[in-house]
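Peer 1: take a look and give me a structure for this.
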Amino acid sequence: MKEVLIITNYFPPETGAASNRIFHLAYGLQKSGFNVSVLTPLPNYPTGRVFKEYKGKFRAYTSENNIEIHRLWIFASNSKNKILRLIAMLSYSFSLIWYFLWHKIPNKVIVQSPPLIVAFTCMLFLKAKKRKLILNVSDLWPLAGFELGVFKKNLGYKILEKIEYHNYKKADLVLGQSQEILNHVLKIYPKKAVFLYRNYPDIKIQNLRLNTRSDNKLKMVYAGLLGIAQGVFKLCQELDYKNMEFHIYGAGAEKEKIEAFVSNNDLPIFYHGEVTREQLHVELLKYDLAIIPLLNRIYGSVPSKIFEYAKLGLPMLYFGGGEGEDIVKKYGLGWVAESGDYEELKKVLSIIKTQNIPPPLSNHIKNTALENFNFDIQLKSLKNII
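Peer 2: Below is the predicted model of the structure:
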């Protein structure tokens, strides 16, 4: 049986797109005949604190869904302080080095990037062991950090850029979640082997049905990370709530600000906290429209929510620009508003509220997802090249 090791910073019971994406990759490969093992930190995302059931442990081992999961020590932190974030990444890197020294490593290794430093550690140590290294790139760092205002193009940025290039150079195959990511890699290394691996969900939803609108109010929902990049707090401030409700699910850096805003303003904004992914799929179908926002257009970013909502048949409003906007337009998945233009966003919402959402749209979206965003077909293609 073929063996493959997946090294990632995020894995269930942690929540979020990154965790779900890697779990489905691991489980899909396991079902396809691979002997899969996972290296990941002790669960700590998004709180920045090791989960209660893992506190005090240096490492933990479990076997779940026939996947071996090795959870390693990390100095957990989600602080905005760059030094603390660096220490957190380095601590996991040290744990990985310790693991590499004392354990047999399969011939095929999939490494998640970012974080760049963790990926760099894997590329540096495992290349010397002559393993086939597959780099799974979900975001372009440090470029995405620059576009988000996290980095300036100074000496630190140049160091991270050199690390990024080193990781691409050492990888035998680069998986990218967007064509923009692959274009970026090929611009640096034109002969590099690449594969477009979208974040298609592996979910079964045959028995779920969209609810029809029972009144004249548009019920819009956001579900996911409440981080700086998503800008959900600014959405709360900017939207026109005439004939509209805004429902929010998730957690992250802006959670407290959103809760305070909801409490201090008599507006139809409802914060529902976090729910399990399975429960979220049921909850989402209570709403007419899902919004997918990015505070700034980020090159290489294609939110996995596009494909998840499409599989649910949930119409979406994309407010982030770039390749994600192109996908929504190309496949007729809903509406788009120009990234960062809140006046245009309000105009688009006004049109949707006035015209209502045609019932056939949901079936069109689900059929499109079935034909074009198929997890099993994509996985089969990936399996043939790794």
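
Peer 1: who touches the host helix or strand of residue 144?
Peer 2: Using DSSP states H and E, residue 144 sits within helix 143-147. The contact list for helix 143-147 (CB atoms under 8 Å, 6 or more residues apart in numbering) reads 151-153, 157, 160, 184, 296-301. In this view, the C-beta of every residue, glycine as well, is placed from N, C-alpha and C.

Peer 1: among those residues, which ones are in strands?
Peer 2: Using DSSP state E, no member of those sits in strands.

Peer 1: just the buried residues of the residues you listed.
Peer 2: Neighbour-count burial (16 or more other CB atoms under 10 Å) is assigned, among the contacts of helix 143-147, to 151, 157, 160, 184, 296-301.

Peer 1: any chance of JSON lines for the residues you listed, columns distance to residue 11?
Peer 2: JSON lines is the format used below for the buried ones among the contacts of helix 143-147 (distance: CB to CB, whole Å):
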{"residue": "151", "distance to residue 11": "26"}
{"residue": "157", "distance to residue 11": "29"}
{"residue": "160", "distance to residue 11": "24"}
{"residue": "184", "distance to residue 11": "26"}
{"residue": "296", "distance to residue 11": "28"}
{"residue": "297", "distance to residue 11": "29"}
{"residue": "298", "distance to residue 11": "24"}
{"residue": "299", "distance to residue 11": "27"}
{"residue": "300", "distance to residue 11": "22"}
{"residue": "301", "distance to residue 11": "21"}
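
Peer 1: adding pLDDT, write those out as CSV.
Peer 2: Converted to CSV, the buried ones among the contacts of helix 143-147 look like this (pLDDT from 0 to 100):
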residue, pLDDT
151, 80
157, 89
160, 93
184, 97
296, 83
297, 84
298, 86
299, 90
300, 91
301, 88
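
Peer 1: in helices, which of the residues you listed fall?
Peer 2: 157, 160, 184 (DSSP state H).

Peer 1: turn the residues you listed into a markdown table, columns for distance to residue 23.
Peer 2: Formatted as a markdown table, these follow (distance: CB to CB, whole Å):
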| residue | distance to residue 23 |
| --- | --- |
| 157 | 32 |
| 160 | 28 |
| 184 | 26 |
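
Peer 1: which one of those residues sits closest to residue 94?
Peer 2: Among those, residue 160 lies closest to residue 94 (CB to CB), at 19.1 Å.

Peer 1: the protein: strands as residue ranges?
Peer 2: 3-7, 35-41, 59-64, 67-72, 108-113, 132-137, 173-176, 194-196, 218-223, 244-249, 269-271, 289-293, 316-319, 334-336.

Peer 1: picking up where we left off before, and which of the contacts of helix 143-147 is nearest to residue 94?
Peer 2: Of the contacts of helix 143-147, the one sitting nearest to residue 94 (CB to CB) turns out to be residue 160, at 19.1 Å.

Peer 1: would you map out the domains in this structure?
Peer 2: Annotated domains of the chain cover 3-201+374-383, 218-371 [automatic domain parsing].

Peer 1: which parts of stretch 367-376 are buried?
Peer 2: By neighbour count on 16+ other CB under 10 Å, the buried set for stretch 367-376 is 368-369, 373-375.

Peer 1: my guess is residue 261 contacts residue 255. True?
Peer 2: No - using CB atoms under 8 Å, residue 261 makes no contact with residue 255, being 10.9 Å away.

Peer 1: these two: who's more crowded?
Peer 2: Of the pair residue 261 and residue 255, residue 255 is the one with more neighbours under other CB atoms under 10 Å, namely 20 against 16.

Peer 1: that one and residue 220, how far apart?
Peer 2: Distance, residue 255 to residue 220, using CB to CB, to the nearest Å: 19 Å.

Peer 1: what about residue 194, how many neighbours?
Peer 2: When neighbours are counted by other CB under 10 Å, residue 194 comes out with 20.

Peer 1: just residue 383 next, same as before
Peer 2: By other CB under 10 Å, neighbour count at residue 383 equals 15.

Peer 1: do the same with residue 260
Peer 2: Residue 260: 11 neighbours (other CB under 10 Å).

Peer 1: which positions in stretch 183-202 come out as buried?
Peer 2: 184-185, 192, 194-195, 197-202.

Peer 1: can I get these in TSV including distance to residue 319?
Peer 2: Listed next are the buried residues of stretch 183-202 as TSV, based on distance: CB to CB, whole Å:
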residue	distance to residue 319
184	23
185	27
192	33
194	29
195	29
197	25
198	20
199	19
200	22
201	21
202	27
